[in-house]
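Asker: Give me a 3D structure for the following:
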Amino acid sequence: MTQSVMAGDNHEERQARSLALEKAYVHDVYDQIAPHFTDTRYRPWPRVKQFLLELEPGSLVADVGCGNGKYLDINPDLMKIGTDRCAALTAAARAKNFEVLTSDNLHMPFRDETFDAVLSIAVIHHFATTDRRVAAIKELTRVLRIGGKVLITVWAMEQRHRKV
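Answerer: Predicted coordinates:
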């Protein structure tokens, strides 16, 4: 077996492990906790709210990983669409009459350079590898128009004011 074939197999194995980890520890968990998540995650983070309130009226905004849609009702002067991989969370957002669809962050069904602004709040850290995190960020920037604004937040175990 050649070196390149073995490297390819190794990459495929790592990819399969990454997908299995994300399914078990992210997707399946959110499917299970969606009702509780919806009941307890309703307050917008101040900096995200400020970001949305400072956007130009009429801006088209994508909230990627929108969960139950808690940021979709901020700033009625914006056109907003939310996406989330968890169908139960998009159903909760849709029940509030928000424009949402179930979609994976890595393969969004939008044209290049569609949005004036993109949100990714507490999503990217759910990807199991650095390569998948980079791919997710590339996908966010793909749908963002040139000169658009993006707000990305992630959790970090190393943060100073972390509550355990």
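
Asker: Buried residues, stretch 61-79. List them.
Answerer: 61-72, 74-75, 78 (16 or more other Cβ atoms under 10 Å). Backbone N, C-alpha and C define where each C-beta goes, glycine included.

Asker: do stretch 55-62 as well
Answerer: Neighbour count says stretch 55-62 has L55, S59, L60, V61, A62 buried, by 16+ other Cβ under 10 Å.

Asker: returning to that earlier point: just the ones in strands from the buried residues of stretch 61-79, please.
Answerer: V61, A62, D63, V64 (DSSP state E).

Asker: would you list every one of the strands in this structure?
Answerer: Using DSSP E, strands in the chain cover 60-64, 79-84, 100-102, 115-121, 144-153.

Asker: Give me whichever of these is most buried.
Answerer: Mean neighbours per residue, mean count of other Cβ atoms under 10 Å, is largest over the strands of the chain for strand 60-64, with a mean of 24.

Asker: who does that one touch, helix- and strand-wise?
Answerer: Secondary-structure packing of strand 60-64 (3 or more Cβ pairs under 8 Å, 6 or more residues apart in numbering; DSSP states H and E): strand 79-84, strand 115-121.

Asker: looking at the ones you listed, which is closest to P109?
Answerer: Across those, P109 has its closest neighbour in strand 79-84 (8.5 Å, Cβ to Cβ).

Asker: Make TSV out of the strands of the chain and add mean pLDDT and distance to P46.
Answerer: TSV is the format used below for the strands of the chain (pLDDT from 0 to 100; distance: least, Cβ to Cβ, whole Å):
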stretch	mean pLDDT	distance to P46
strand 60-64	98	16
strand 79-84	97	18
strand 100-102	96	23
strand 115-121	97	12
strand 144-153	97	12
